[in-house]
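**Student:** give the three-dimensional model of this entry:
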Amino acid sequence: MSATLELTEQLIARPSVTPDDAGCLEIITQRLKPLGFDCEMLYFGPDHFRVSNLWAVKRSRHPDAPLLVWAGHTDVVPTGPLDQWTTDPFTPSHRDGKLFGRGASDMKTSLAAMVVATQDFLHNDADPGFSIAFLFTSDEEGPSVDGTVKVVELLKSRGERLDWCIVGEPTAVNAMGDMVKNGRRGTLSGKLSVKGVQGHIAYPQLARNPIHLLAPALAELTAIQWDAGNTFFQPTSWQVSNIHAGTGANNVIPGEVVVDFNFRFSTESTADQLKQRLEAVLAHHQLDYTLNWTLGGLPFITPPGDLLGVVQQAIHAETGIDTELSTTGGTSDARFIAQICPQVIELGPPNDSIHKINEFVRLSDIDTLKNIYLRVLQGLAMVAGHAARA
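**Tutor:** Numbers count the residues shown, from 1 in each chain. Sure, this is the predicted structure:
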């Protein structure tokens, strides 16, 4: 059994359903301390929902050395019905060339590959000319309020400088390395409540139906082109996720309708611009409304540069694949790290089974990912060496 597979299985065996780390970070800390990492456990949140975070760093002796951060999460989503799993989700199992277990692809394989690649790298180069850190949390699959975002706030207050970051999110589509995320769209949610007047459905003249009042505004909002996107991002999207109204009786005009919606937005629009445009439509239709906004994350992009170049070369050298750059998909903790780090990418195993019953990772992909990460470390050592000699 390879070292990466062994560590992956150790992590899968821990039932770390969000926000419970279930001892995963302790296993990782025991691997990092002998390598010279200073490991700091950071806990945030209430006692009944305590989130565990690890900040582990090995400083280079070179002045002004750049810092690479490996980032990821130990928490996993709930298993779903246990009787639908072929084997226990927290008992690592091999079938048909695959390793099954909750978190196998999202994202315990990535965590193991990061740790083992770093072990292998430092064994051959104890001081490579750049610093290395790990930022792991147990609150990514949950609310994401006491995990990476809190650690980033702490690091910012300390004046910590991050230069490169790789997040181990499962990004591949068909084969290891065929896609990496070099950015993500922003996410802005709203809860809109439109007031009307409740009444008997047989006497509409005595009531004001808020669904009817809202309908023209909804039609206008769905037809708006918020922006055209750009080279890195598809156009901003506005989608309604839920509409709630009515008392449950079929003869009552409701007095209120509540609509949940979300923007996934590109760097061509700001959150404030989107808010203003949407509220202008509501005002135009003279609606009596309240609106609460939640900004879940800002868009970010990592353009071609040192990190992206090294990652592309590492993937090609290991797999022969010319990786595709993408900013599609949902959100990740990269959105928080990008606020203090200029170069952030996501690179991990195929995502075809994430969050599903019988989640798996292909056995052949486990050490391939470790080798890609190792090549990234070697490539960044060359970058740091060139910079030091310049």
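**Student:** closest to the centroid, which residue in the chain?
**Tutor:** In the chain, the residue lying closest to the centroid (C-alpha atoms, centre = their mean) is Ser332, at 1.3 Å.
**Student:** assign a three-state SS to that one, would you?
**Tutor:** Of the three states, Ser332 takes coil under DSSP: H, G, I helix; E, B strand; the rest coil.
**Student:** shouldn't it be in contact with Ile345?
**Tutor:** No - applying C-beta atoms under 8 Å as the test, Ser332 and Ile345 come out as separate, 10.9 Å apart. Just so you know, the C-beta spots here come from the backbone N, C-alpha and C atoms, and that holds for glycine as well.
**Student:** what residues do the two have in common as contacts?
**Tutor:** 167, 181 (C-beta atoms under 8 Å, 6 or more residues apart in numbering).
**Student:** list phi and psi for Gly183.
**Tutor:** The phi/psi pair for Gly183 (degrees, to the nearest 10) reads phi 170, psi 170.
**Student:** gap between it and Ala384?
**Tutor:** Using C-beta to C-beta, to the nearest Å, Gly183 is found at 24 Å from Ala384.
**Student:** cool, and Pro128?
**Tutor:** Distance from Pro128 to Ala384, by C-beta to C-beta: 7 Å.
**Student:** mind listing the helices for this structure?
**Tutor:** Along the chain, the segments classed as helices by DSSP state H run 3-12, 24-32, 109-124, 148-158, 210-223, 271-284, 306-319, 334-337, 363-389.
**Student:** okay, stretch 190-208 in PDB with CA atoms only?
**Tutor:** Output of stretch 190-208 as PDB, limited to C-alpha atoms (Å, rounded to 0.1, in the frame of the first residue of the first chain):
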ATOM      1  CA  GLY A 190     -31.500  37.600  -1.500                       C
ATOM      2  CA  LYS A 191     -34.800  36.900   0.300                       C
ATOM      3  CA  LEU A 192     -37.500  39.100  -1.000                       C
ATOM      4  CA  SER A 193     -40.900  39.600   0.700                       C
ATOM      5  CA  VAL A 194     -43.700  41.300  -1.200                       C
ATOM      6  CA  LYS A 195     -46.700  42.500   0.700                       C
ATOM      7  CA  GLY A 196     -50.300  42.300  -0.500                       C
ATOM      8  CA  VAL A 197     -53.700  42.100   1.200                       C
ATOM      9  CA  GLN A 198     -55.100  38.700   2.200                       C
ATOM     10  CA  GLY A 199     -58.700  38.000   1.400                       C
ATOM     11  CA  HIS A 200     -61.300  35.600   0.100                       C
ATOM     12  CA  ILE A 201     -60.500  34.300  -3.400                       C
ATOM     13  CA  ALA A 202     -64.100  34.900  -4.400                       C
ATOM     14  CA  TYR A 203     -63.800  38.700  -3.600                       C
ATOM     15  CA  PRO A 204     -60.500  39.700  -5.300                       C
ATOM     16  CA  GLN A 205     -61.600  43.400  -5.300                       C
ATOM     17  CA  LEU A 206     -61.200  43.300  -1.500                       C
ATOM     18  CA  ALA A 207     -57.700  41.900  -1.600                       C
ATOM     19  CA  ARG A 208     -54.400  42.500  -3.300                       C
END
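**Student:** how about that stretch: buried residues?
**Tutor:** Within stretch 190-208, the residues that count as buried by 16 or more other C-beta atoms under 10 Å are 190, 192-194, 196, 198-199, 207-208.
**Student:** greatest separation within those: which pair is it?
**Tutor:** Spanning the widest gap among the buried residues of stretch 190-208 are Gly190 and Gly199, at 27.4 Å by C-beta to C-beta.
**Student:** for Thr137, which non-adjacent residue is closest in space?
**Tutor:** The shortest distance from Thr137 to any residue other than its chain neighbours is 3.5 Å, reached at Gly147 (C-beta to C-beta, 6 or more residues apart in numbering).
**Student:** how much space is there between the one you found and Leu218?
**Tutor:** Noted for Gly147: a distance of 35 Å to Leu218, by C-beta to C-beta.
**Student:** could you report the neighbour count for Pro170?
**Tutor:** With neighbours defined by other C-beta atoms under 10 Å, the count for Pro170 comes to 24.
**Student:** okay, now the unreliable bits of this protein?
**Tutor:** The chain contains residues with pLDDT under 70 at 387-390.
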